[in-house]
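Undergrad: Okay, predicted coordinates and the sequence, questions at the end:
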Amino acid sequence: MHHAPPRRRVSHRSSAGSRRWPPAARLHGGILRSCADAAQHLLSTPDVPVVLHGDIHHGNILDFDARGWLAIDPKGLCGDRGFDYANLFCNPELPVVTAPGRLTRQLAIVAHEARLEPKRLLQWIIAYAGLSAAWFLGDGESPESTLAVAAIADAELRGLERDEEKCVRFSARIPLSLFGNRSRSCF
């Protein structure tokens, strides 16, 4: 009989690579600083924790014929569901990552199917991309692909936040009586 590995919570100390993250953000700044800020926000506002795979990507989901598609090599983490989904966005090669509109289309599908809030999923993508970039930098490899994902997701998040602000300003001008029992929220 196989026993599940002990579960660890997703945190700044979830892996050896994550210790590289704050120094990388301080040293390189820019988008890595945004990644570290997103991670700090997410970890300080946790969602209901669930069991996570911890390393879900195309190389860890295999077709076992009669047994079907199975995820291998779980890390036994426990935390916010967005953490597992973020790697789906960070794993492809640079030409796929930077294809125009790719992240926006994939975000809509994944957020809908997984029932995740798009804004929070974008924050997880940014945070995970920064962690991945810190791993690459620490290993002396190029983080170009994951930094591209972080930059694209960060721009998408800023656009979403601008749209939310416009909606709030617009709805604040509408008399409450027009809303009846409903909220003024546009979303």
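TA: Right, received. Where do you want to start?

Undergrad: distance between stretch 40-56 and the chain's centre?
TA: 10 Å (C-alpha atoms, centre = their mean, to the nearest Å).

Undergrad: list the buried ones in that stretch?
TA: 42-43, 52-56 (16 or more other C-beta atoms under 10 Å). From N, CA and C alone the C-beta is placed, and that goes for glycine too.

Undergrad: Let me know the helix or strand that Gly51 is in.
TA: For the record, residue 51 is Val, not Gly. strand 50-52 (DSSP states H and E).

Undergrad: Residues in contact with that strand: which ones?
TA: Applying C-beta atoms under 8 Å, 6 or more residues apart in numbering, the contact partners of strand 50-52 are 7, 10, 75, 77-81, 83-84.

Undergrad: Now, of those residues, which are buried?
TA: Buried among these (16+ other C-beta under 10 Å): 10, 75, 77-81, 83-84.

Undergrad: For Leu42, identify the helix or strand it belongs to.
TA: Per DSSP H and E: helix 30-44 holds Leu42.

Undergrad: which other helices and strands contact that helix?
TA: With contacts taken as 3 or more C-beta pairs under 8 Å, 6 or more residues apart in numbering; DSSP states H and E, helix 30-44 sits against helix 21-28, helix 118-138, helix 144-172.

Undergrad: Since that was my last question, I'll sign off now.
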